[in-house]
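In: predicted structure and sequence below. I'll ask about it afterward.
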Amino acid sequence: MGGSYMFDDNLVEKLVKAIKISKGDKVLLQLWGEDDYKELLHKFSTAVKNNGAIPIEYQHSRIHYKNLFAEAEEKEINKESFQCFKEVDVVVDLCACAPVRPHDEFPKEKLDLYRSYMKRLFEVLATKEKFVQLRIPTSENALESALNEEEYKVRMVKAYDIDYDKLYIKAKSLVGDLEKNTATTIITGDNEKLSLSLKDRAWYIDAGDGDLPCGEVYIAPVENSAEGSILIDQVFLDDVKIEGLRLEFKEGKIVNSNSDIFNEFLETLPPSSDILCEFGIGLNENVTEIIGYTPLDEKASGTYHIAIGANSMFGGKNNCNFHMDFVFYGKVEFE
């Protein structure tokens, strides 16, 4: 049964409608996981068909790739393998595990060949207008959070089981108000203030047709505009919890923090990773607290978040291979 028992037919139908698939769309449903989750893949396929679209099922199995590449030579991995996906309109990733990450016993001498294979896949899929990723609440995905497996599954399913029409209307109305502003000041802790310019930048709505679970509006502030400081109650770096992290920004970049651990972490990052790249507002009413798991925390109703790193995918100009969110409660003033 895999994770399908947690997604009944009604919830799957609700999720597919939230993705806003149009009649006649060719929808590539990619299962990143083993055969345990094929039943769930078939459920999504049925829901896509019920919405008048054309489902195309594809499975990325770590076990299969391990065995396939163990015997494969470079000339046997066809460069045209994914050309059949060129006609696809919508891509939906059903992630029972982290996409692309190979099996623990994957032959090391074939890793470069595997990476090349996956690169070709994403080069084809990156051209699609709609690309949705949905995390299946599995035991492996639970390991990314600070939660036990059962609590993780309950919280994730609750975050999925929302009124998506209501969320979209709320987000659309909020963006209508926010887009009139050109700047914001974030106030946290004992009057820590961080100012950002939003001039000529667009707000984006995440209400089901992007990352799932969903529920936020977000924007890429002007990259050199962040000035001041902000207090983040808790930040997790792998298994290390940093409490009361104070970040200082100047001309858009982090210039200091009150944590030696975080400062050392910053030094390990690729160029341009220290630039404030995002400001967002959580709107999912079924996510009610910050728990230390970003995919849920940043969607929590009543929270805000900033991020450092890449933002070129949502209207910004900072293109790098890193993105990290910081979720917090506070007060925000717009002008």
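Out: Here it is on my side, so go on. Numbering: from 1, shown residues only.
In: any idea how far Ile261 is from Cys277?
Out: When C-beta to C-beta, to the nearest Å is the yardstick, Ile261 and Cys277 sit 22 Å from each other. Backbone N, C-alpha and C define where each C-beta goes, glycine included.
In: same drill for those two, tell me which one is more crowded.
Out: Neighbour tally, Ile261 and Cys277, criterion other C-beta atoms under 10 Å: the higher count belongs to Cys277, 28 against 13.
In: surely the more buried one is within a strand?
Out: Yes: Cys277 forms part of a strand when assessed by DSSP: H, G, I helix; E, B strand; the rest coil.
In: with adjacent residues omitted, what lies nearest to it?
Out: Nearest residue to Cys277 in three dimensions, chain neighbours excluded: Asn311, at 3.7 Å (C-beta to C-beta, 6 or more residues apart in numbering).
In: any idea how far the one you found lies from Lys193?
Out: The separation that Asn311 has from Lys193, given C-beta to C-beta, amounts to 22 Å.
In: who has more neighbours, these two?
Out: Here Asn311 and Lys193 are compared on neighbour count by other C-beta under 10 Å; more neighbours surround Asn311, at 24 against 15.
In: against Phe82, how distant is that one?
Out: Using C-beta to C-beta, which is the criterion applied here, Asn311 is 27 Å from Phe82.
In: break the chain into its domains for me.
Out: As recorded under automatic domain parsing, the domains making up the chain are 4-136, 165-334.
In: figure out which of these is closest to Val154.
Out: The closest approach between Val154 and any of those, judged by C-beta to C-beta, belongs to domain 4-136 at 8.9 Å.
In: any idea of the mean pLDDT in that closest one?
Out: Here domain 4-136 scores 92 as its mean pLDDT.
In: check the offset of that domain from the chain's centre.
Out: On the basis of C-alpha atoms, centre = their mean, to the nearest Å, the separation between the geometric centre of domain 4-136 and that of its chain is 16 Å.
In: phi first, then psi, for the spatially most central residue of the chain.
Out: The residue lying closest to the centre of the chain (C-alpha atoms, centre = their mean) is Asp211, at 4.9 Å. Backbone dihedrals for Asp211, given as degrees, to the nearest 10, come out at phi -90, psi 130.
In: kindly report the same for Ala72.
Out: phi -80, psi 150.
In: I figured it was touching Lys110, is that so?
Out: Yes: under the contact definition of C-beta atoms under 8 Å, Ala72 touches Lys110, with a separation of 7.2 Å.
In: so between these two, which is more surrounded?
Out: For Ala72 versus Lys110, neighbours defined as other C-beta under 10 Å are more numerous around Lys110 (21 against 16).
In: I'd say the more buried one and Glu71 touch.
Out: No: at 9.4 Å, Lys110 does not count as touching Glu71 under the criterion of C-beta under 8 Å.
In: now the helices for the stretch 101-250 of the chain?
Out: Using DSSP state H, counting those that start in this stretch, the helices of the stretch 101-250 of the chain run over residues 111-125, 139-142, 149-160, 164-178.
In: let's have those in JSON lines, adding distance to Val217 and mean neighbour count.
Out: Conversion of these to JSON lines gives the following (distance: least, C-beta to C-beta, whole Å; neighbours: other C-beta atoms under 10 Å):
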{"stretch": "helix 111-125", "distance to Val217": "25", "mean neighbour count": "15"}
{"stretch": "helix 139-142", "distance to Val217": "25", "mean neighbour count": "17"}
{"stretch": "helix 149-160", "distance to Val217": "17", "mean neighbour count": "18"}
{"stretch": "helix 164-178", "distance to Val217": "5", "mean neighbour count": "15"}
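In: give the next helix or strand downstream of the one helix or strand Ile56 maps to.
Out: Here Ile56 is covered by strand 54-60, with elements defined by DSSP states H and E. From strand 54-60 onward toward the C-terminus, using DSSP H and E, the following helix or strand is helix 62-71.
In: touching that following helix from outside, list them.
Out: Defining contact as C-beta atoms under 8 Å, 6 or more residues apart in numbering, one finds that helix 62-71 is touched by Glu34, Cys97, Arg101, Pro102, His103, Glu105, Phe106, Pro107, Lys110, Leu113, Tyr114, Tyr117.
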